[in-house]
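Peer 1: coordinates only, no sequence provided:
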Ligand code: 5GP
Ligand code: ZN
């Protein structure tokens with residue numbers, strides 16, 4: 001989708017601080033970090049949210065996405081100290097970029113429940 005920010009980052013049209021990339025997915029630092037480490041794991045293929053992935057593609061897409069995420073967790077050291085994964089989905093959750101992504105937040109104490 002050519003008006004989608006994350007598709008444009010995937011295509012190299014918009015620069016991003018990329019932590020990890022493979023054929024399925026990539027992980028970048030969030031431009032407006034909400035924690036000392038704030039990563040976004042993004043599949044290269046465009047789906048608005050997790051429930052939009054056809055079931056026949058679910059394990060490939062989510063497996064590829066979480067594999068890339070785990071590489072970035074190890075690269076940044078979040079895997080050692082703790083982190084939170086978030087996937088805002090739809091309007092009431094406050095999703096602002098309608099291309100599936102998982103936030104990984106860490107580097108500080110995180111409160112619960114989230115807002
Ligand atoms: P959402 O609100 O959809 O859960 O999360 C979208 C995230 O993407 C936000 O945290 C926002 O700061 C981040 N974001 C939006 N545009 C860009 C961009 O051009 N580059 C990067 N690195 N992050 C972005
Ligand atoms: Zn997209």
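Peer 2: Looks like it arrived, so ask away. Quick caveat, the model's predicted, so the values are computed rather than measured. Residues are numbered from 1 along each chain as shown. Ligands and ions are numbered 1, 2, ... in the order given.

Peer 1: burial count for residue 33?
Peer 2: For residue 33, the neighbour count with other CB atoms under 10 Å is 12. To be clear about C-beta, it is placed using only N, CA and C from the backbone, and glycine gets the same treatment.

Peer 1: how much space between it and ligand 1?
Peer 2: Taking CB to the nearest ligand atom, to the nearest Å as the measure, residue 33 falls 8 Å from ligand 1.

Peer 1: now that residue, what's its secondary structure?
Peer 2: The local conformation at residue 33, judged by DSSP: H, G, I helix; E, B strand; the rest coil, is coil.

Peer 1: what sits against it?
Peer 2: With CB atoms under 8 Å, 6 or more residues apart in numbering as the criterion, no residue contacts residue 33.

Peer 1: pull the longest strand from the protein.
Peer 2: For the chain, the strand with the greatest residue count under DSSP state E is strand 37-43.

Peer 1: and the next helix or strand past it?
Peer 2: Next in sequence after strand 37-43, counting helices and strands by DSSP states H and E, comes helix 55-76.

Peer 1: quick one: mean pLDDT over whichever helix or strand comes after that next one.
Peer 2: Where DSSP H and E defines the elements, the next helix or strand beyond helix 55-76 is helix 78-81. Across helix 78-81, pLDDT averages out at 96.
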